[in-house]
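In: Fold the following and give me the result.
(chains A and B)
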Amino acid sequence: MTKAVEDRERVIIRFAGDSGDGMQLAGSRFTDATAATGNDLATLPNFPAEIRAPAGTLAGVSAFQIHFASRDILTPGDAPNVLVAMNPAALKANLPELERGATIIVNEDAFTKRNLEKAGYDGNPLEDGSLSAHRVHRIPMTTLTVRAVEGIEGVTTRDAGRAKNLFALGVLSWLYGRPTEITKQWIARKFSRKPGIAQANLNAFNAGWSFGETTELLDVQYRVKPAKDVPPGVYRNVNGTTALTLGLIAASVRSGLPLVLASYPITPASEILHELSRHARFGVSTIQAEDEIAAAGMALGAAFGGRLGVTATSGPGMDLKAETIGLAVALELPMVIIDVQRAGPSTGMPTKTEQSDLLMALYGRHGESPLPVIAPSTAGGCFDAGFEAARIAIDYRTPVILLSDSFLASSSEPWLVPDVADLPQIDPRFAEAADPDRAFLPYSRDERLARPWAIPGTPGLQHRIGGLEKSDGTGNISYDGANHARMTRLRADKVAGIARDLPLLAVDAEPGARVLVLGWGSSEGAIRAGVRRARLAGHKVACAHLHHLNPLPSNTGDVLRSFDRVLVAEMNTGQLAQVLRARFLVDVESFCKLEGQPLFGAEIEREIAARQ
Amino acid sequence: MTHLGAEASAAVTLSKADFQSDQETRWCPGCGDYAVLSAVQQFMPELDIPPERIVFVTGIGCAGRFSYYMNTYGMHGIHGRGPALATGLATAREDLSIWVVTGDGDSLSIGGNHLIHALRRNVPLKILLMNNQIYGLTKGQASPTSELGKITKSTPFGVSDHPFNPVALALGAEATFVARTIDRDRHHLTEVLRAASRHQGAALVEIYQNCPVFNDGAFAALTEKDVKDANQIRLEPGQPIRFGIDGERGIARGGDGGLEIVDVASAGVQSLLVHDPRRTDAGVAFSLARLAEDPTAPTPIGIFRDVQRPVYGRTANASAPVSDEQLSELLLSGDTWTVA
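Out: Numbering: from 1, shown residues only, chains lettered A, B, ... in the order given. The predicted structure follows:
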């Protein structure tokens, strides 16, 4: 039978199930097919910190959200239009966030008495009318999947049950007209060594698709047309982690400095170690260090040897690296420190996002130890930030902290792949062999106040550096007060001077706008989405986004002072606001979110409306 | 180090002076560190490696100053982190000869983790551990090698924490080269440096080093003329282990499988343990390390262990420069699509 096709401008789907149900996989396969369709998209994985929390419980629910549209979109979306719930817990955990009238597709087989009890349901929500505000489709996914894979050699009933995520993917792929070839190829590649499992997954996927096509339960197929007004070029879908690692490799290639990454496993930064460890043929060495301190030390040791030294971690690891970062400030060697921020003090919420390490990045070291801090704002922007962090580190002989966060690291979007020829060259400007007539001065300075980088192996430039205060010029140990004051100012001036290289803070303003919404890091999409909606509602509002937190763009104060009200939106208790108030004496207001989730466009829209 | 030296054979002959920096040494008068510094500077020309390809990495403490006095490349790091800094450098640069100088507090207390992991990874570092059994630079607190009962500024009622035995610790950490020597025995010290420098991989050299200010005479049993022959058990590869003024005592396997000190005349030379640092099993070396509770009684010095194992980082590196085309290919990997 031919079914009706309806157009949709944008759709938000959330795949939710037990953490062992393969929801991240189903979501990312749907994402790849969506990218290939030419829709703009943004994704948000959300999973528990426990690898296998007790099955069937609310704590074990893992979800993956994708927002895709025929126009450009800025966030993974606030309230889902479609929820795929593989068990009662997934339904219960996600129901409050659905928009009214949303479509719910459940695996009916999982709504057993026992599973309902584990999720804390007294009755069966599929039977008691509590879902009447939504359109519910009950599909016996486990049964249909098991039937679809029957008779495949070497496939157990357990394997069959595990393929039900592919069945769900098949249903959704039909419902939104996603291309199937890309998913089928992926299945063949992924399970090339296990033909039985490959066949089971393929059968499950096909069965889901056919079910959608033939069942009377689903009477409409939806179409989201390819996005228009997208800049021309070659695109690929990337998450922040992949983009960041590519940016670092690109900086390594454009500077001619092999990349050495030293890291200690920590959620969510470990993914950077995993990705870079696969790229040895691009000159990348990775070291899994014995601890966070060693990881920082190894990166710095590599930098002394003339390499691009990088270490990546999350909040707790930053605490441990602080002393080594201070040493890098004193040694004035290039080094990149990546902090994939996560929520809370101590262990906090390891898989949830926050922007609460800003003040630590700026000030969290003893003594006066300023360093540059930069923050990407989109998944694709992580490429530029990785490249920029390396460039600043090398140009200025300084450690640079790059503040990413859990949301940026794992969310994905289409990325316009840059042309390699457009990437700037980075010149390491190594000091060359000694001039016999002149003493080598390891702490002399160039016009940027950067010192010479003389690497071991360079004849005649043997010198000793260390954490003790150094005499200006010679670098010899000095406890002289006047010299210390001069060195402290030189280090600070060097970092402040980076502002000369930075683009001015760009403001997206309408004539007559009196309110500025300012953000930094991963909240850019939500802020722009909120501003867009507020404008549609008739409000006049401006927005701007900081990618450099130290030094700030040189026009920052002027921008702040040119609006009646400045609203700083951030996922902390107002850290950037505090910096701006102290620095510019501007009475900025804060909108703070601390729920372990990204900002939503609707929240920004509401805050703007309240200030008109 | 031989693979490094071979390339430098055309270089001019170097002397001790080539390894002396212009910085004034600032250890206390009589400090054992002077003797070690002088011996190291004297030994360096033997490596046949130009000074610019040698790096000294140090941590914090009196021994931490060592790097400033060597006319090589040097990094004076932070407390305990010398092996971590040096591991990063060794990973990046196989062409360098990298030496770590550390102390008992630096490497066995605050930096213990980095020391054991550098050893088990077999990073090509020569680690000189100046053990004076006290904190010197912070003015006299107990260290992790201070003997039980020792009165120090931080232990007015005596040390109650059981001390580490650095050689035993290194053996337990799977070190491939472990030796012990003494600051005041220039000849023995130099022999050990030579062996360490020839070793491919991580080498740990414990150096008993006298602190004349806070722990004077800690190793007197091994250094004073009248007693040292009775207490130094010199380990010589291939030789039965004997000591004493006339070699009248020796080491033999005991009835319980451990080692014991015997009287050679009554036990017989054939019963003595023949020293073999190349033994794969570190068990005998460990027993030797444990012979003396602390260096106030007969104590073995020399090379406890010297075995081969793959060297860290020696296979991973070595890649040709990456072209823009290769980079472009990487950026475009995965599923891509074109918007016209």
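
In: near chain A, which residues of the stretch 101-250 of chain B show up?
Out: B:113-114, B:116-117 (C-beta under 8 Å from any C-beta of the partner chain). Quick note: C-beta positions are derived from backbone N, CA and C, even for glycine.

In: quick one: pLDDT of residue 2?
Out: In the absence of a named chain, this looks at chain A. With respect to pLDDT, residue A:2 scores 67.

In: actually it's chain B I care about, not the one you picked
Out: For residue B:2, the predicted pLDDT is 39.

In: Just want the residue of the stretch 351-500 of chain A that's nearest chain B.
Out: Chain B sits closest to residue A:466 of the stretch 351-500 of chain A, with a gap of 2.7 Å, by C-beta to the nearest C-beta.

In: for the stretch 151-300 of chain B, what are the low-confidence residue spans?
Out: Scanning the stretch 151-300 of chain B for pLDDT under 70 picks out nothing.

In: ok, which stretches of it are strands?
Out: With DSSP state E, counting those that start in this stretch, the ranges of strands along the stretch 151-300 of chain B come out as B:177-182, B:203-208, B:232-235, B:242-243, B:249-253, B:259-263, B:299-306.

In: likewise the stretch 251-400 of chain A?
Out: Counting by DSSP E, counting those that start in this stretch, the strands of the stretch 251-400 of chain A are A:259-263, A:285-288, A:308-313, A:335-341, A:373-374, A:399-405.

In: highest average neighbour count across those?
Out: Of all the strands of the stretch 251-400 of chain A, strand A:308-313 carries the top mean neighbour count, a mean of 31, counting by mean count of other C-beta atoms under 10 Å in any protein chain shown.

In: and it, does that touch chain B?
Out: Yes - using C-beta under 8 Å from any C-beta, we find that strand A:308-313 touches chain B at residue A:309.

In: got the angle for that strand vs strand A:399-405?
Out: On the basis of axes from the mean of the first three to the mean of the last three C-alpha atoms, to 10 degrees, strand A:308-313 is oriented at 40 degrees to strand A:399-405.

In: So which residues make contact with strand A:308-313?
Out: A:248, A:251-252, A:255, A:257-264, A:266, A:269, A:272-273, A:292, A:295-296, A:298-303, A:321, A:333-340, A:390, A:393-394, B:88, B:92 (C-beta atoms under 8 Å, 6 or more residues apart in numbering or on different chains).

In: now for the residues of the stretch 101-250 of chain B next to chain A, which pair is the farthest apart?
Out: The two members of those with the most space between them (C-beta to C-beta) are B:114 and B:116, at 7.7 Å.

In: Overlap in contacts, those two.
Out: With C-beta under 8 Å, 6+ apart as the test, residue B:114 and residue B:116 both reach residue A:290.

In: Name the residue in those two with the higher neighbour count.
Out: Taking other C-beta atoms under 10 Å in any protein chain shown, residue B:114 and residue B:116 do not tie; residue B:114 has more neighbours (29 against 20).

In: Tell me who's in contact with that one.
Out: Shown in contact with residue B:114 (C-beta under 8 Å, 6+ apart): A:290, A:293-294, A:297, B:80-84, B:87, B:107.

In: Out of those, which is nearest to residue A:496?
Out: Using C-beta to C-beta, these come closest to residue A:496 at residue A:297, 27.4 Å.

In: which parts of the stretch 351-500 of chain A sit against chain B?
Out: Checking the stretch 351-500 of chain A against chain B by C-beta under 8 Å from any C-beta, the hits are A:417-421, A:456-468, A:476-477.

In: Quick check on these: which are buried?
Out: Neighbour-count burial (16 or more other C-beta atoms under 10 Å in any protein chain shown) is assigned, among these, to A:417-418, A:420, A:456-458, A:461-468, A:476-477.

In: if we can go back for a sec, arrange the strands of the stretch 151-300 of chain B in CSV, one row each, with distance to residue B:312 and mean neighbour count as further columns.
Out: Shown next, in CSV, are those (distance: least, C-beta to C-beta, whole Å; neighbours: other C-beta atoms under 10 Å in any protein chain shown):
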stretch, distance to residue B:312, mean neighbour count
strand B:177-182, 13, 27
strand B:203-208, 13, 28
strand B:232-235, 26, 20
strand B:242-243, 36, 21
strand B:249-253, 33, 20
strand B:259-263, 32, 17
strand B:299-306, 17, 24
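
In: Indicate which one of those strands is closest to residue A:426.
Out: Across the strands of the stretch 151-300 of chain B, closest to residue A:426 is strand B:203-208 (C-beta to C-beta), at 37.0 Å.
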